[in-house]
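Asker: With the input below, show me the fold.
(2 chains)
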Amino acid sequence: AQSVTQLGSHVSVSEGALVLLRCNYSSSVPPYLFWYVQYPNQGLQLLLKYTSAATLVKGINGFEAEFKKSETSFHLTKPSAHMSDAAEYFCAVSHYNNNDMRFGAGTRLTVKP
Amino acid sequence: DVKVTQSSRYLVKRTGEKVFLECVQDMDHENMFWYRQDPGLGLRLIYFSYDVKMKEKGDIPEGYSVSREKKERFSLILESASTNQTSMYLCASSLPSGTYGELFFGEGSRLTVL
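Answerer: Below you'll find the model as predicted:
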């Protein structure tokens, strides 16, 4: 079965600083990988997804993630944090032939002025 | 705009009560899911359905059941609510396997069991 591990339950950065949220996955078959964002009192929204095309994936709001098979990682980055990026971020994994998706425990991002 | 709608945003129930959480999607998606979200644990899959009247257990099905009588509607049922089922419940839908599998989520139902 597939799984993901998010390193760091809380990450705090200053406005304008680099954002790096870490995700490692475990999968016996080629994975599909996703990052979702959740703002307070809302459901999850898709930020970006990797589906075996380009290894560097660009998403909404200036976020991007790089799939590294050798490291089994899919870390999320943004060059310059904005106050509006404060939210909880979830990494998730699924497969081409799977109906289900598995999520990490989440990382809460705080952006300081 | 695509939409997944959960019938109740906030519910308060008593121990032993039967609880229905309903979810409707307007995207004609084959797959529907119920997740439970708890701090520090992320989202855990309770049940999913890949077709009308079809269901599969997820990682934490104990104490829950589901119903899918129509393609657009997927209900989560707590037969006898307990305090350890106090949580946020998220419904989602997606296209079938063999596609990109992106999930579309509702806004969540926060259940408190007293």
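Asker: Chain A: strands as residue ranges?
Answerer: Secondary structure of chain A by DSSP state E: the strands cover A:3-7, A:10-14, A:19-26, A:32-38, A:44-50, A:56-58, A:64-68, A:73-78, A:87-94, A:102-103, A:107-112.
Asker: out of everything not next to it in sequence, what's closest to the residue in chain B that chain A sits nearest to?
Answerer: For chain B, the residue closest to chain A is B:F105, as judged by C-beta to the nearest C-beta, at 3.5 Å. C-beta coordinates here come from the backbone N, C-alpha and C atoms, glycine included. Spatially, and ignoring its direct neighbours in sequence, B:F105 is nearest to A:G43 (3.5 Å; C-beta to C-beta, 6 or more residues apart in numbering or on different chains).
Asker: First-to-last residue distance for stretch A:25-39?
Answerer: One end of stretch A:25-39 sits 24 Å from the other (C-alpha to C-alpha, to the nearest Å).
Asker: right, I mislabeled it, should have said stretch A:93-103
Answerer: 7 Å.
Asker: So which bits of chain A are right by chain B?
Answerer: A:6, A:9, A:32, A:34, A:36, A:41-46, A:49, A:51, A:90, A:92, A:94-106 (C-beta under 8 Å from any C-beta of the partner chain).
Asker: Which among those count as buried?
Answerer: A:6, A:32, A:34, A:36, A:43-44, A:46, A:49, A:51, A:90, A:92, A:94-95, A:98-106 (16 or more other C-beta atoms under 10 Å in any protein chain shown).
Asker: which residue is nearest the centroid of the chain?
Answerer: No chain in the question, so chain A it is. A:W35 (3.5 Å; C-alpha atoms, centre = their mean).
Asker: my bad, the chain I had in mind was chain B
Answerer: B:W34 (2.7 Å).
Asker: so what's that one up against?
Answerer: By C-beta atoms under 8 Å, 6 or more residues apart in numbering or on different chains, the contact set of B:W34 is B:21, B:23, B:45-48, B:58, B:64, B:66, B:74, B:76, B:89-91.
Asker: Which element, helix or strand, includes it?
Answerer: Using DSSP states H and E, B:W34 sits within strand B:31-38.
Asker: in chain B, which ranges drop under the pLDDT threshold?
Answerer: Residues of chain B that meet the criterion pLDDT under 70 lie in B:1-2, B:97-100.
Asker: again, only using 80
Answerer: B:1-2, B:96-101 (pLDDT under 80).
Asker: Per-residue pLDDT of A:S14, please?
Answerer: At A:S14, the model reports a pLDDT of 97.
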